[in-house]
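[1] No letters, just coordinates:
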């Protein structure tokens, strides 16, 4: 099983937050699959915060394989 750590750095007003997510896959993900996961995660987080009336600015979105 391969573990990936996704880190999303966002700015909420004057606060900077880091939101982590772990992804587990049976085989290595391709570059295209990594990009899709990154986009889905940032979109989902933005929707969650938006539903609470909070606008997030995405600063950084990365996904790395955990050894």
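    Arrived safely. As the structure is a computational prediction, the values presented were derived from the model and not from experiment.
[2] For residue 7, see how far away residue 58 is.
    Using CB to CB, to the nearest Å, one gets 11 Å for the distance from residue 58 to residue 7. No exception for glycine: its C-beta is placed from N, CA and C like everyone else's.
[3] Give the intersection of the neighbour lists for those two.
    Both residue 58 and residue 7 lack any common contact, where contact means CB atoms under 8 Å, 6 or more residues apart in numbering.
[4] buried sites along stretch 8-21?
    Buried positions in stretch 8-21, judged by neighbour count with 16 or more other CB atoms under 10 Å: 8, 10, 19.
[5] can you list contacts of that stretch?
    For stretch 8-21, contacts defined as CB under 8 Å, 6+ apart pick out 5-7, 41-42, 45, 49, 54-61.
[6] Select from these every entry located in strands.
    Under the assignment DSSP state E, the contacts of stretch 8-21 contribute 5, 6, 7, 57, 58, 59, 60, 61 to strands.
[7] The second one contacts residue 37, correct?
    In this case it means residue 6. Yes. The criterion here is CB atoms under 8 Å, and residue 6 meets it with residue 37 at 6.7 Å.
[8] Find residues that contact each of the two.
    By CB under 8 Å, 6+ apart, residue 6 and residue 37 have these common neighbours: 23, 63.
[9] How many neighbouring residues does residue 44 have?
    12 (other CB atoms under 10 Å).
[10] again with residue 45
    The number of residues packed near residue 45 is 18, by other CB under 10 Å.
[11] Could you tell me how far it is located from residue 7?
    Separation of residue 45 from residue 7 (CB to CB): 11 Å.
[12] ditto for residue 28
    Note on residue 28: its distance to residue 7, by CB to CB, is 19 Å.
[13] So which of these two has more stuff around it?
    Set residue 28 next to residue 7 and count neighbours by other CB under 10 Å: residue 7 wins out with 14 against 10.
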